[in-house]
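Undergrad: here's a sequence, model it:
(2 chains)
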Amino acid sequence: MSKNNLHVLFDDDDILLDAIKKIKEKKYHINEVYTPFPIHGLDKVLGLKPTRISILAFIYGCIGFTVAVLMMNYIMIDDWPQNIGGKPSFSFIENMPAFVPIMFEMTVFFAAHLMVLTFYMRSKLWPFKKAENPNPLTTDNMFLIDMESGDNLNKMKVFLKKTGAVSIEVIERDDNEK
Amino acid sequence: MSSHYEASIRKPLIEGDKSYHDITVDIARPIETPPNKDWWIAFSIALIAFLWGVGCIIYTIGTGIGSWGLNKTVGWAWDITNFVWWVGIAHAGTLISAVLLLFRQKWRMGINRSAEAMTIFAVIQAGLFPIIHMGRPWLAYWMFPLPNQFGSLWVNFNSPLLWDIFAISTYLTVSLVFWWTGLLPDFAMIRDRAVKPFQKKIYSLVSFGWTGRAKDWQRFEEVSLVLAGLATPLVLSVHSIVSMDFATSVIPGWHTTIFPPYFVAGAIFSGFAMVQTLLIIMRKVSRLESYITLQHIELMNIIIMITGSIVGCAYITELFIAWYSGVEYEQYAFLNRATGPYWWAYFFMMTCNVVSPQIMWFKKLRTSIIVSFIISIVVNIGMWFERFVIIVTSLHRDFLPSSWTMFSPTFIDIGIFIGSIGFFLLLFLLYARSFPVIAQAEVKSILKSSGENYKKSRDSHE
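TA: As a prediction, the model looks like this:
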């Protein structure tokens, strides 16, 4: 089996997309693709599953809403009911219209923050995290495919050059570490 | 290339012959080059204003709120005027980045980063005023729902002032994460270009180790979209709730159901004006004319014109409803507003907010940079007067004619206001030299569809 990784650089997003399609046709394995900006259709070409983060955001929003309801019910109705301005709203349902703004704000607060935290955790983004992009140019104008090399390296190089690659770098994989 | 097609009648959003790398270089330039003399002059002025404001705040806290021009009849004046003014200004950022994202308006990409920065800095200024007005700012945390051992009672969830705390803290924090998430790829770009070790360290820290993997981008786009969906009703709720501080009271002139939409339109109006003021200067100083084009300025002017006209409609509706209601207190409040001792403030408000944006109907004027700049300043002055008119003219002649009075600000009032402007500009000036001021990753993604060079070559092939 192959022992090496290839870092294939491209300088154009359209060429990159075509190249990925061709690489996929040849059944080579792509580990990762690094791009400086979001490319439409890249996830489809790579066969990535759609992200479920928006479903989570909905659940987080529901949690926020529940927290708001429980909090205001406890504070205003259970723990210390008050007669404010001659309006003794001692039941939740009577007092509820005044609670709507904060229910809404808490829903948004929970959904937004927990979703972003989830995104940071899942994509391994946090302060003091070391960047792992193999080539610093991938945040500027270059597109990099990190893939496994086939059995015939030279044949593969020719194939990749044909797809429009600017440069191909062979990375020796240290199997002891793996 | 067909996937990048955009109708040729649409004006390019990126001017000149730019490549992906050119965009990187242009956006990184203000950060990588030392600031010039003009920047230091502006910075010094802002710093002096800020320090003056700090001095006035310390004096207020040491002496008490009596050092302000407030009196028994006018208990809210410049502080709350400034608060509402700054919150209003803060609305443009989210509007540009969230609402325009939902509407798939590509022109947002040149201006959203700075507009969001402006939002955050303006909310900070806004938050300052109620906190100082408390008199004991070190007890500000009592605003949060803490167990009643801290005070005598829980906070009152029926009060719009408490709704405000929740709305503004949510708005500030959500805007901050929205902004920062968008900044990650751009900070990463600066990090990967940095040659000085210290710079590299700082930008590594703030970019959270962003690498641009395909999966990260997929999540990034989904998160941006959902955040935009959440921020859109949020931004509308914030100024609605601010308006309820007044609208839920029984003061004639404040007790108005039109307030929420009217305040939101006014907020967008003043926010766009402030974005216009700052970006017209920034595009020139940081040489970003290719990305913040005349087209961007024109589109912002159109929004200023529309929202200004909505605000004008609201002014007239208020007058009509006051008359139509048959409530004499309400009628007097509006008569006094327009013709009473504060007629000049009302006149300022009407001219600056309703009349001046109407010149944007003329294409020649709305595509003139100098006219846009002047109007943007006029609008901001007008919007400050709007809040002053609503607040002070409704209070100064209350139900008891013996307590009728006028409000005059002391130098402390003026000092804190000027200090907040200084603080705001200070933050913005620092931002302009240390942050990628344009969302370069997003701009790169529209280069092939909306870049001038690409559009031209596509048109010539047809």
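Undergrad: just checking, B:P409 touches B:S67?
TA: No: using C-beta atoms under 8 Å, B:P409 is not in contact with B:S67, being 11.0 Å away. For the C-beta atoms, the positions are set from N, CA and C on the backbone; glycine is no exception.
Undergrad: now do the helices in the stretch 101-250 of chain B.
TA: B:108-133, B:160-193, B:197-206, B:214-247 (DSSP state H, counting those that start in this stretch).
Undergrad: residue contacts, the residue in chain B that chain A sits nearest to?
TA: Ranked by C-beta to the nearest C-beta, the top residue of chain B for proximity to chain A is B:G209, at 3.0 Å. For B:G209, the contacting residues are A:K124, A:L125, A:W126, A:K129, A:K130, A:A131, A:E132, by C-beta atoms under 8 Å, 6 or more residues apart in numbering or on different chains.
Undergrad: and the angle from the helix or strand containing B:L279 to helix B:214-247?
TA: Assessed by DSSP states H and E, B:L279 sits inside helix B:259-285. Compare the direction of helix B:259-285 with that of helix B:214-247 by axes from the mean of the first three to the mean of the last three C-alpha atoms, to 10 degrees and you get 130 degrees.
Undergrad: ok, so what distance separates A:V67 from A:T107?
TA: 9 Å (C-beta to C-beta, to the nearest Å).
Undergrad: so which of those two has more stuff around it?
TA: A:T107 (23 against 15; other C-beta atoms under 10 Å in any protein chain shown).
Undergrad: tell me which element the more buried one falls in.
TA: Assigned by DSSP H and E, A:T107 falls in helix A:92-122.
Undergrad: what angle do that helix and helix B:214-247 make?
TA: Orientation of helix A:92-122 against helix B:214-247 (the same axes, to 10 degrees) gives an angle of 150 degrees.
Undergrad: excluding its backbone neighbours, what's nearest the residue of chain A found nearest chain B?
TA: Nearest residue of chain A to chain B (C-beta to the nearest C-beta) works out as A:K129 at 3.0 Å. Spatial nearest neighbour of A:K129, excluding adjacent residues (C-beta to C-beta, 6 or more residues apart in numbering or on different chains): B:G209 at 3.0 Å.
Undergrad: could I get the pLDDT score of the one you found?
TA: What the model reports as pLDDT for B:G209 is 90.
Undergrad: after the helix holding A:T107 comes which helix or strand?
TA: strand A:143-148.
Undergrad: partner strands of that following strand, parallel or antiparallel?
TA: Here strand A:143-148 is paired, per DSSP bridges, with strand A:4-10 (antiparallel), strand A:30-34 (antiparallel).
Undergrad: okay if I get those as TSV plus mean pLDDT?
TA: Formatted as TSV, those follow (pLDDT from 0 to 100):
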stretch	mean pLDDT
strand A:4-10	88
strand A:30-34	90
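Undergrad: redo the ones you listed as CSV? Include mean neighbour count.
TA: As requested, the strands paired with strand A:143-148 are exported to CSV (neighbours: other C-beta atoms under 10 Å in any protein chain shown):
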stretch, mean neighbour count
strand A:4-10, 20
strand A:30-34, 20
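Undergrad: can you put these in a markdown table and add distance to B:V389?
TA: Putting the strands paired with strand A:143-148 into a markdown table (distance: least, C-beta to C-beta, whole Å) gives the following:
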| stretch | distance to B:V389 |
| --- | --- |
| strand A:4-10 | 60 |
| strand A:30-34 | 55 |
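Undergrad: quick one: residues in contact with whichever strand or helix holds A:K162.
TA: Using DSSP H and E, A:K162 sits in helix A:153-163. Helix A:153-163 is touched from outside by A:4, A:6, A:8, A:15, A:18-19, A:22-23, A:26, A:28, A:149-150, A:168, A:170, with contacts defined as C-beta under 8 Å, 6+ apart.
Undergrad: 6 Å instead?
TA: By C-beta atoms under 6 Å, 6 or more residues apart in numbering or on different chains, the surrounding residues in contact with helix A:153-163 are A:V8, A:A19, A:K22, A:G150, A:I168.
Undergrad: downstream of it, the next helix or strand is which one?
TA: Heading C-terminal from helix A:153-163, the first helix or strand you meet, by DSSP H and E, is strand A:167-172.
Undergrad: buried residues, that next one. List them.
TA: Judged by neighbour count using 16 or more other C-beta atoms under 10 Å in any protein chain shown, the buried positions of strand A:167-172 are A:I168.
Undergrad: likewise for stretch A:68-83?
TA: Within stretch A:68-83, judged by 16+ other C-beta under 10 Å, the buried ones are A:A68, A:V69, A:M71, A:M72, A:N73, A:I75, A:M76, A:I77.
Undergrad: next: stretch B:370-377.
TA: B:V371, B:S372, B:F373, B:I375, B:S376.
Undergrad: which stretch of helix or strand covers the last one?
TA: B:S376 is part of helix B:369-388, with elements assigned from DSSP H and E.
Undergrad: what packs against the helix holding A:T107?
TA: The contact analysis (3 or more C-beta pairs under 6 Å, 6 or more residues apart in numbering or on different chains; DSSP states H and E) places helix A:92-122 against helix A:53-72, helix B:160-193, helix B:214-247.
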